[in-house]
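Asker: What follows is a predicted protein model with its sequence.
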Amino acid sequence: MPTTDRTALAALLLVVAAAFGRVLTFDLVHEDPRLLLPDPALAAQTIGTWRPAFDLALRAVGAVVGSWAPGWHAAALLLHLGATAAIFAFVRRYSGSLWAALLGTLLFAIHPTRAESVASVLASSDALAAIFGFGAMAALLAARPDLGA
């Protein structure tokens, strides 16, 4: 990645972190503690979803931060920043335009519909899916440049 792209991505990530940084002061919302924090009485129950990658991510974060709400929200914010970087990489490779990548990714990253994915820990599965999906498409374009711009 050229230096101008790295600089642009760093600036974009700073803008997004500033836009959503307030979530680090939030508490866990009403459904989060029941589903995030381990409870031996609930160990045999399931919440009716099949998201193995996200469940593993939740367990990893839980092992590190426990019940500390800012840690959970920091993980959700980091996932959103990762999704932002993956989308930037994809759009940059696909369009060939730095400005298109910046504007398109900024529109995604700070759009009001993304607020739930950052503010609610359980909704951050959207960001994890975006990381895998757009990361895979960016990797495909890196391997097959003839598919892009």
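Answerer: Arrived safely, thanks for sending.
Asker: all strands of the chain, in order?
Answerer: Counting by DSSP state E, one finds no strands in the chain.
Asker: Might you list the low-confidence residue ranges for it?
Answerer: Residues of the chain that meet the criterion pLDDT under 70 lie in 30-34, 37-49, 148-149.
Asker: buried ones in the lengthiest helix in the chain?
Answerer: Across the chain, the longest stretch assigned as helix under DSSP state H is helix 69-95. Buried positions in helix 69-95, judged by neighbour count with 16 or more other CB atoms under 10 Å: 69, 71-77, 79-94. C-beta here means a position set from N, CA and C on the backbone, and glycine is covered the same way.
Asker: and what of stretch 91-107?
Answerer: Val91, Arg92, Arg93, Tyr94, Leu98, Ala101, Leu102, Gly104, Thr105, Leu106.
Asker: Just flag the most distant two among those.
Answerer: Spanning the widest gap among the buried residues of stretch 91-107 are Arg93 and Leu106, at 17.2 Å by CB to CB.
Asker: returning to that earlier point: with respect to Ser125, which of the buried residues of stretch 91-107 is nearest?
Answerer: Nearest to Ser125 among the buried residues of stretch 91-107, with distances taken as CB to CB, is Thr105, at 19.9 Å.
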